[in-house]
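Asks: here you go, sequence then predicted model.
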Amino acid sequence: MPAQEILDNCKNHMRKAQDYFSEELKGVRTGRASPGLVEHVKVDVTAYGSSMDLRELATISTPEPALLIVKPYDPATSKDIEKAILASNLGLTPNVDGPTIRLPIPMLSGERRQQLTQEIKRMAEAQKVAVRNARRDANKHIDALENEHQLSKDQAADAKDEIQKLTKQFESKIDEQSSAKQKEVTAV
């Protein structure tokens, strides 16, 4: 495996960690309504005999800053959606109005804001660990190529420098996303 392929593979793994973190952040509740808050809620649909994401079963809209409207494509699934939202541990209480489900987003307490801030930090650290693991694996591959005399010491050092630059780049992106979301959560 040539050094450039190792670098590309490493960058790919780091990008996946950052993308995963971005998706995780969408599910963190703030004081504002956002479809990303509930779109990944798993709904066990008894009529279909399977489990599906909410976004596959309904349209999710935000007519007001503190309200989500969920309109199931199939009105028969509204009870299953209601059960899934209650079981999702998001702290939301659905109001079923015929086929439409209204989700008022309550204001966060100061204590809950602190808990969410800690959760965001924990999620960020987990993805930074994933980035560092990608760095470790890439460095092992570079060392193996150097030991097999497929790379010179200078080439190996250059490759490791590039891997370290990638690591810092992706860690800083994760930190930026984390601090932006923390500001959003703590804003009253």
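Replies: Perfect, thanks for sending it.
Asks: mind listing what the most centrally placed residue in the chain touches?
Replies: By CA atoms, centre = their mean, the chain has its centre lying nearest to Glu24, at 1.9 Å. By CB atoms under 8 Å, 6 or more residues apart in numbering, Glu24 lies in contact with 123, 127. In short, each C-beta sits where N, CA and C put it, glycine included.
Asks: helix or strand for it, which one?
Replies: helix 3-26 (DSSP states H and E).
Asks: so Arg113 sits against Val185, correct?
Replies: Yes - Arg113 is in contact with Val185 according to CB atoms under 8 Å; the separation is 5.6 Å.
Asks: before we move on, the earlier item: what about the residue nearest to the centre of the chain, distance to Leu68?
Replies: 19 Å (CB to CB, to the nearest Å).
Asks: Asn9 too?
Replies: Look at Asn9 and Leu68: by CB to CB, they are 39 Å apart.
Asks: what of Ile101?
Replies: Counting by CB to CB, the gap from Ile101 to Leu68 is 8 Å.
Asks: returning to that earlier point: and Asn9 and Leu68? which has more neighbours close in?
Replies: More crowded of Asn9 and Leu68, by other CB atoms under 10 Å: Leu68, with 23 against 15.
Asks: what's whichever strand or helix holds the more buried one packed up against?
Replies: Element membership for Leu68 (DSSP H and E) is strand 67-72. On a contact count with 3 or more CB pairs under 8 Å, 6 or more residues apart in numbering; DSSP states H and E, strand 67-72 meets strand 58-64, helix 78-87, strand 100-104.
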